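> Got a predicted model here, sequence first, then my questions.
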Amino acid sequence: MRGLPKLKVNFEYEKKQKEKAVKIPKAHTINLGKVRKIVLLFLIGLFIYFSYVLVLANAIAQKNKSLLATVTTLSKKLDKASAGTTSYNPVVGQYLANFLTLYYSSSDSNADSRSQQLSKYLASNITLPNNVGNSKMKLDSAKLNGIFTVDSVKTAQYSLVVEADGKQSDMTVNVPYAQANEKLTVIGLPYVANTIDSVGHIGTARFDKTGKTINDSEVTAKVVKFTKQFAQKYVSSSTKDMSMLMSDPVGLNGAVDLVTLDDSSIKVTGTSEKPVVTATMTVQVHGTNIMQVQTIRLDLKKQSSTYFVTKFVQA
């Protein structure tokens, strides 16, 4: 059948795409056992840390307490020491002199004004006895014997010449007082006392010859020779010239003449590299007959074949 057209059929097939599998993320599980261990270790660490801090704080507190006790003790010692003779100054002397002049100057006519003026010097809880001021008194002279402590209280002792009813009397009195910087207060009425005896043995010589002697005779001989040369230069040379021999130079520039410096008076201690010398020499004031014995101490340092004076003290 020629007349029939040819049919052309195209068959197209849609390819089926493969579906991709959806990946579901794995869930993170918490291990409670591990968490408990971590928390426990953290708490233990905190406990150890705070225990350490507590121990450290306690140690610091104890140290501070000890330091405070030391400071308190030193302050008390300083207060006690400051009450000695070195605590005197013109303010103290003038204050107590004015007080004694007023205290031992009285008459019937000035009793009231005297009491009012004395109240400025006396501690507020001190009351003047009624019998004070009944006789006519006048302070003729007052000499300060010294300032010391009685029962930890600063006390000034005076030798007085007091005229009472026309008759002079010598008396020694102690005056207790307190001091804070420039402020002073009499904290006890003057009382008659024995004159203080200042003679005593409360210390040792400034240059105590108890050091270990150098046994090397050669070193000792060199040190003795240097000491004699130094002493001669010291009395005859200027301070400027002594700078070659000393770290802190000083020279008398002929003010005195060296009379004697015996080997027997020279003692050498210390070490061969740093010897210490104490010696006694006799000098004469230049142009006079005045003789004087002086003790010197030399701290030496070895330099090559000679020595250098690092410290020079005399007494």
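Received the coordinates, thanks. Numbers count the residues shown, from 1 in each chain.
> got the residue ranges for the strands in the stretch 201-315 of the chain?
256-260, 267-270, 275-285, 291-303, 306-314 (DSSP state E, counting those that start in this stretch).
> list the buried ones in the first one?
Within strand 256-260, the residues that qualify as buried are 256-258, counting by 16 or more other Cβ atoms under 10 Å. The way it works is simple: take the backbone N, C-alpha and C, and place the C-beta from them, glycine included.
> any idea of the mean pLDDT in that strand?
Strand 256-260 shows a mean pLDDT of 93.
> Likewise for the shortest one?
Throughout strand 267-270, pLDDT has a mean value of 92.
> What is it packed up against?
Strand 267-270 sits against helix 217-236, strand 275-285, with contacts defined as 3 or more Cβ pairs under 8 Å, 6 or more residues apart in numbering; DSSP states H and E.
> change it to 10 Å
In terms of contacts (3 or more Cβ pairs under 10 Å, 6 or more residues apart in numbering; DSSP states H and E), strand 267-270 is packed against helix 217-236, strand 275-285, strand 291-303.
> what does the longest one give?
Here strand 291-303 is seen to pack against helix 217-236, strand 256-260, strand 267-270, strand 275-285, strand 306-314 when contacts are counted using 3+ Cβ pairs under 10 Å, 6+ apart.
> make it 8 Å
With contacts taken as 3+ Cβ pairs under 8 Å, 6+ apart, strand 291-303 sits against helix 217-236, strand 275-285, strand 306-314.
> quick one: that strand to strand 306-314, angle?
In terms of direction (axes from the mean of the first three to the mean of the last three Cα atoms, to 10 degrees), strand 291-303 departs from strand 306-314 by 140 degrees.
> just to revisit the earlier point, turn the buried residues of strand 256-260 into a markdown table, columns for distance to residue 156.
Formatted as a markdown table, these follow (distance: Cβ to Cβ, whole Å):
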| residue | distance to residue 156 |
| --- | --- |
| 256 | 39 |
| 257 | 44 |
| 258 | 44 |
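> Pick the one among those closest to residue 272.
Relative to residue 272, the closest of the buried residues of strand 256-260 is residue 258; by Cβ to Cβ it sits at 26.7 Å.
> partners of that closest one in the sheet?
Beta bridges link residue 258 to residue 283 when assigned by DSSP bridges.
> residues touching residue 92, list them.
147, 156, 177, 179, 184 (Cβ atoms under 8 Å, 6 or more residues apart in numbering).
> Helix, strand or coil: sort out it for me.
Here residue 92 is helix, with the state taken from DSSP: H, G, I helix; E, B strand; the rest coil.
> Distance check, it against residue 171.
21 Å (Cβ to Cβ, to the nearest Å).
> Can you give me the pLDDT of residue 19?
62.
> hang on, the earlier thing: Serialize the helices and strands packed on strand 267-270 to TSV and add fields for mean pLDDT.
Shown next, in TSV, are these (pLDDT from 0 to 100):
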stretch	mean pLDDT
helix 217-236	94
strand 275-285	92
strand 291-303	91
